Each structure stands twice: as C-alpha cells, then as structure tokens.
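Asker: prediction below, plus the sequence it came from.
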Amino acid sequence: MTPPIPPEASKEIEKVKSLVAKHFPVYDVRVSYDVVEFFVRIDKATLEDTFEKMREDMSGQGYIPMILYDKGEHIVTVARKPPQKFRSFYVNLAMLAVTLVTTIIAGAFYWAGYGTDSEELITAETLSMGFLTFALPLLGILGIHELGHYFMARHRKVAASLPFFIPFIPPLGTLGAFISLRDPIPNKKRLIEIGVAGPIAGFLLTIPIAILGLILTNDVAKPVPDNVDPSGMIGVGFPLIYMWIAELVPATGDYLLHPTAFAAWVGFLVTAINLLPAGQLDGGHIARALLGSRAKYLSWAVVGVLVALSYWYTGWILFALFVLFVGVRHPPPLNDISELDWKRKGLGAFAIVMLVIAFVPQPLSPISADYSFELEPLADTNATISAGASMVFPVDVNNTGNALNEIRFVTESGTSELTVKYKSHSEEDSAYVSSYRMFLNSSEASTLDLMVMVAASAVPGDVDRVVVKAVSANTSIERRVELNITVGNPIVTFQHDTEMFVPIGDQANSTVEVENLGDSSVSLTMQVVSSYSWVVAVVYAAPTEYQNATDWLNLTVPAQGSVNFTLTVLALDPAYSNVYDVTIGVYYNEDGNLVFLQNLAIEVTVG
C-alpha cells in the first residue's frame, strides 16, 4: 500500500506537473517512494525542442527533468537539483600556475639536453627556452582542448567550469586538464557535440605546432648521438598523423626531435587517449551518443585492449585502471530518445578517424645500451706455419650494438710453442702487443691483425690450437676465434752458383737468391761454416759494402717472396792454386735460438 503524500509534497508535485504540462500533455502521474513519474504524450517531430524548453524552464526552478521510453510509454521523471558548491576561480589559476612551473622545469630538462652544451639543468636560458619551446605549446594544446569543451557547453546552455590543469613531475610536467560539467547533458546531440569539440580544437592546434616543431628540428639540426648512453634512452613511437606531417616537412638529416615537436607529439597522444571510447572520456561521450546503452560493451572491450597493449607499453594498464575507477558505464543524457542526425553522426565518424590516426600502440619504449659485436676471420683459420716463423690472420670486428663498445682481446688458450700478438690493421707502423683494446662506435667495424708466432723449438708436424677471446668491457658478451696451426719446416729454395773461380790475390762475387714458398715469413741466419787461411768467404746483403761484411748474415724472407744476398770469396796471396769447398750453413731462428735447416756448398777454384 502506497503511503499518503504529505500536503507540502502534493503542492510541489502539482507545481512540477504544471511545468511538465506546459510542454507535454500529461495523462497520468505515479508517485513512488523516491520518484514522481509523469506519463506524457509526445510529438516526435518537436520532441527535442520541446524537451529543451522544458529543461530550461525547470532549471530556473531548481529541477532536472529526464524523459525515457518504457513499455510503449513516454515517462518524464523530475528530480531536484542537488546543492552545488563550486570551487573559486582562483583554484583554476593556482593549478594553472603550478602546472606552468612543472612544465617549464620539464622543458628546461629537454632544452638542457638539446639546445645547450652546459651541464647545468636549471639556468636562465634553459628555463626561458623550456617555457617557449615546450611548456607554452603543450599547455596551449591542452588549454584549447578543454576550452573547446567549455565554449561548446556554454553555447548549448550547459553549465561548465573553466579548465583545471593537473601538475605532475617531469618528464611531462602535467597529466593534462579537465573541465567540470555542472549540468547534466540534455540529449545525444549535445553529448556528441560537447564530447568531440575538445579533441577537434586540440587536434587542429597540434597540427601547426607539429609543423613548426619539425621545421625547428631541421633548423637546429641537433644530430642523433652515434651511441646510446650506458643508462639507456627512450624511443618515441609516431602516430600516422605525425608521419604524414613529416612527409610535408621531411627531415634533412638524422636529428634529435626539437622540444616543440615533442610537445606536438604529446598533443596527439592526449587527443588519442581522450578519444578512447570508454567510460567518462571524450570518446566515451561520443560512443554513448552513437550506441546508446550498448556503449558499455565497447567500453569493456577498450579496457581489455589496453590491458593487452600493456605487454608492449606498461603505461596502458594505468589508463585501464583509470577507466575502471571512474566507471565503465556512461550515464544517459536527459533526453535519450531523440535520434542523432547525419551531421552529428559525421562528427562521430570524424572522431573515429582522429583516434585511428593519432593513436600509437607503443608510445614510448626503452632503448637499452646494446654491446653486441661479431668477429669474422678474413682468412682461413687452418694454416701451416714453419717453426720459427709467423703468420698474420686478419679478423673483422663489427660492433652490431648501439653503444660505444670497448672490446678487449686476449689469448685464452694455446701452447708454449704458439704466441699471439695483436695490432690494428690500419696502424701499419704500430708494434704488435700481447693484448689489445679496441673502441668501436655503434655500427662501426674495424680489422684486427692477429700475428701467430711459432717457436723455433716447435716440432714440425705438430698440430696446435690457439683460442683468442674478445670480451666487451661493458657486459659479459664474449666471442672467440679458434686458430688451428700445423708446425712445418720453412719452405725455402736457393738459387746460387755452385762453382766459382778466384784468381790469386783477387776476389769473386756470387749472388744468392732466397725464395720463401710458404705462407708465413721466415727469419734465417746465413753463416760461413768452412773457410781456409788464404781463402776467405764473407756474406752481406746489398746495399751493405764489402768492407762491412762478416761471416754471418740475418735475413727475413716474406711469405711468397724472395731476397738476395752476396757471397764474396777472397784468394789471398800466397794462396795455392787448388780447389776449395766453401760451405754456408742456413738456420731459421726465433729470439736467438738457431735451428739448422740446410747447407749451401760452393766449389771454389783458385788459380
């Protein structure tokens, strides 16, 4: 049983009924515990205008009407306006002032790393340029966005506050801005108009700011560093609209993004986030106007997509939680019956286009310093080297990472018979060293020469292995080159006269050609091992004069090359006419250790 209505309430109900009946014929009134329902007849052609006039009349009387269609009947429900306490205009100014300070500081950080070589972050220059190049354009975009909502709401007689800016710590210095609607939105048309006005206003301002930012990027021409800093960098993903603008203002080089261009990037990102069709976001307003109560399913889908995208960018999970916090469902407008016309549907379609071209799935991505590198031998790593000889193995060292790489080369394993020394291939005059450090920029390559020396005491026929290890000094990345060495005898041949004639009291000369047929250089010692009191033999290499000749000579014969030396035989008076055998011993050596190779025999006739 419905309880009796107090006299005061009856008077108020009659007053409200008269306000409703002024615009719609009322054929029934039903009063429940917490609501009064007026059943009315409508004219669909004039419903929107008639309801709007009733709303304006009731608003002045402190009431809020809502019309709905249920079970074939049109019902107007009326509620009292809740008491409202609005924040002072000075709150807007205070939040704007604080946000201005935080965005100027953020801009100063950007300018310190972009437009000045000073190591100081906070200076008069960085603060002023941070304001001009970052804070001003960014706050301009955010402010115009919210003012778009504000002026559209005021134009449609929906009370709204001025923008509230939200300060935040760098790197952005702000979390955006918002306005507070102080009246319920009257119908679907106004819902989509107010919802789309902000993104359109901000989007249209962001485009020229992006163009200016790209022009300034080319003008300042700050090169992108060759190497990623050891602490890492942040990569920026660009939406379609930014890529199209970059086609109009193509980069003239590989340059860092100007702070103004980055402010425009933030502007497009803010536009895209606000256009997500979820909850109380601008896109949620638009989706509710287009889809009605079914918009809640799209809102849940957006939350799911954001959670999935957080695999690539964890920041999306925060936006998903924000949507859940403010509510997935969007409240209906006061008049949820009137349909949208094609013009408003076109605004909704344009909002979808803006979302598609301004959204980027991975807006920011960390770029870690990568110290990868590769080694590629430029010659066969299986070789035969004569005992006492050496061979050079060139190795290409390629920095495949993105950071300055210090690579250290050491001999990891080998035998006492094999020694490895190192030298840069480009430093021809440098000496070989027992270990080596190479510094390579990102994507840079260089050639390192590995000289393998075989001890003179090595046994021909032995097969030994030596492993060279390269380690990045910044990480534990290691690469190795394995060399398999077979010890062989020096492969040398001699072209010389086997017979000589020397008159008594005179001398005769003979040129000896030494040819190295091996793949490694050979160090040889030539020594006269048989001579006589009156028949003396000496050896020397040109351009050494005879006066500086001795009975021994050191020669280095290059791989696949040859050298000459001179043998001089003197027949001193009173030598006897006779035939003498002169022998030259050939030795290969390393560090003074001589190993016999062969003898050269010359038959000398003295007469």
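Answerer: Received the coordinates, thanks.

Asker: following the helix or strand of the chain with the lowest mean pLDDT, which helix or strand comes up?
Answerer: When each helix and strand of the chain is scored by mean pLDDT, DSSP states H and E, strand 535-540 comes last, with a mean of 75. Using DSSP states H and E, the helix or strand that directly follows strand 535-540 along the chain is strand 552-557.

Asker: alpha carbons only: can I get that next one in CSV?
Answerer: C-alpha atoms of strand 552-557 as CSV (Å, rounded to 0.1, in the frame of the first residue of the first chain):
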residue,chain,number,x,y,z
TRP,A,552,127.2,-14.4,-40.9
LEU,A,553,124.0,-12.6,-42.0
ASN,A,554,120.4,-12.4,-40.8
LEU,A,555,117.6,-12.2,-43.3
THR,A,556,113.8,-12.1,-43.1
VAL,A,557,112.1,-13.5,-46.2
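
Asker: that one: what's the following helix or strand?
Answerer: According to DSSP H and E, the helix or strand after strand 552-557 is strand 562-571.

Asker: how is this protein carved up into domains?
Answerer: As assigned by automatic domain parsing, the chain contains the domains 7-80, 89-367, 373-488, 492-606.

Asker: what about the residue nearest to Ile241 when sequence neighbours are not counted, which helix or strand?
Answerer: Leaving aside its chain neighbours, Ile241 sits nearest to Ile357 (4.4 Å; criterion: C-beta to C-beta, 6 or more residues apart in numbering). To be clear about C-beta, it is placed using only N, CA and C from the backbone, and glycine gets the same treatment. Assigned by DSSP H and E, Ile357 falls within helix 342-358.

Asker: paired strands for the helix or strand following that helix, with orientation please.
Answerer: Remark: after helix 342-358, the chain's next helix or strand is strand 364-367, criterion DSSP H and E. Applying DSSP bridges to the sheet, strand 364-367 is found paired with strand 233-236 (antiparallel).

Asker: is it true that the residue nearest to Ile241 touches Pro239?
Answerer: Yes - the pair Ile357 / Pro239 is scored as a contact, 6.2 Å apart, by C-beta atoms under 8 Å.

Asker: more neighbours: which of the two?
Answerer: Each of Ile357 and Pro239 had its neighbours counted (other C-beta atoms under 10 Å), and the higher figure belongs to Pro239 (21 against 18).

Asker: hang on, that one packs against Val360?
Answerer: Yes - Pro239 is within contact range of Val360, at 4.5 Å (criterion: C-beta under 8 Å).

Asker: mutual contacts of these two, please.
Answerer: Shared contacts of Pro239 and Val360, defined by C-beta atoms under 8 Å, 6 or more residues apart in numbering, are found at 269, 272.

Asker: measure the residue nearest to Ile241 to Trp244 for me?
Answerer: Here the criterion is C-beta to C-beta, to the nearest Å. By it, Ile357 lies 8 Å from Trp244.

Asker: Ser231: helix or strand, and which one exactly?
Answerer: Counting by DSSP H and E, Ser231 is found in no helix or strand.

Asker: could you do Phe439 as well?
Answerer: Assigned by DSSP H and E, Phe439 belongs to strand 436-440.

Asker: what pairs with that strand, parallel or antiparallel?
Answerer: strand 405-413 (antiparallel).

Asker: got a list of contacts for the partner strand?
Answerer: Under the contact criterion C-beta under 8 Å, 6+ apart, strand 405-413 has outside partners 371, 373, 397, 399, 419-420, 422, 434-441, 448, 465-474, 480.

Asker: of the residues you listed, just the buried ones, PyMOL syntax please.
Answerer: If you want just the buried ones from the contacts of strand 405-413 in PyMOL, going by 16 or more other C-beta atoms under 10 Å, the selection is:
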select buried, resi 371+373+397+399+419+420+422+436+438+440+448+466+468+470+471+472+474
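
Asker: from the contacts of strand 405-413, which ones fall inside strands?
Answerer: Among the contacts of strand 405-413, the members falling in strands (DSSP state E) are 373, 397, 399, 419-420, 422, 436-440, 448, 465-472, 480.

Asker: ok, back up a step: the helix holding Ile357 - what's its average pLDDT?
Answerer: Across helix 342-358, pLDDT averages out at 95.

Asker: now do it: distance to the chain's middle.
Answerer: Mean-position distance between helix 342-358 and its chain equals 33 Å (C-alpha atoms, centre = their mean, to the nearest Å).

Asker: any idea how far Asn599 is from the closest residue to Trp552 other than its chain neighbours?
Answerer: Take Trp552 and drop its neighbours on the chain: the residue closest to it by C-beta to C-beta, 6+ apart is Gln527, 4.2 Å away. Taking C-beta to C-beta as the measure, Gln527 falls 10 Å from Asn599.

Asker: neighbour-wise, which of these two wins?
Answerer: Per other C-beta under 10 Å, whichever of Gln527 and Asn599 has more neighbours is Gln527, with 16 against 11.

Asker: which SSE is that one in?
Answerer: Using DSSP H and E, Gln527 falls within strand 522-530.

Asker: report the inter-axis angle for that strand versus strand 552-557.
Answerer: In terms of direction (axes from the mean of the first three to the mean of the last three C-alpha atoms, to 10 degrees), strand 522-530 departs from strand 552-557 by 150 degrees.

Asker: who does strand 522-530 touch, helix- and strand-wise?
Answerer: In terms of contacts (3 or more C-beta pairs under 8 Å, 6 or more residues apart in numbering; DSSP states H and E), strand 522-530 is packed against strand 535-540, strand 552-557, strand 578-590, strand 593-606.

Asker: hmm, try it at 6 Å
Answerer: In terms of contacts (3 or more C-beta pairs under 6 Å, 6 or more residues apart in numbering; DSSP states H and E), strand 522-530 is packed against strand 552-557, strand 578-590.

Asker: now tabulate these in a markdown table and tack on mean neighbour count, mean pLDDT and distance to Thr568.
Answerer: Below are those laid out as a markdown table (neighbours: other C-beta atoms under 10 Å; pLDDT from 0 to 100; distance: least, C-beta to C-beta, whole Å):
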| stretch | mean neighbour count | mean pLDDT | distance to Thr568 |
| --- | --- | --- | --- |
| strand 552-557 | 17 | 85 | 12 |
| strand 578-590 | 18 | 82 | 11 |
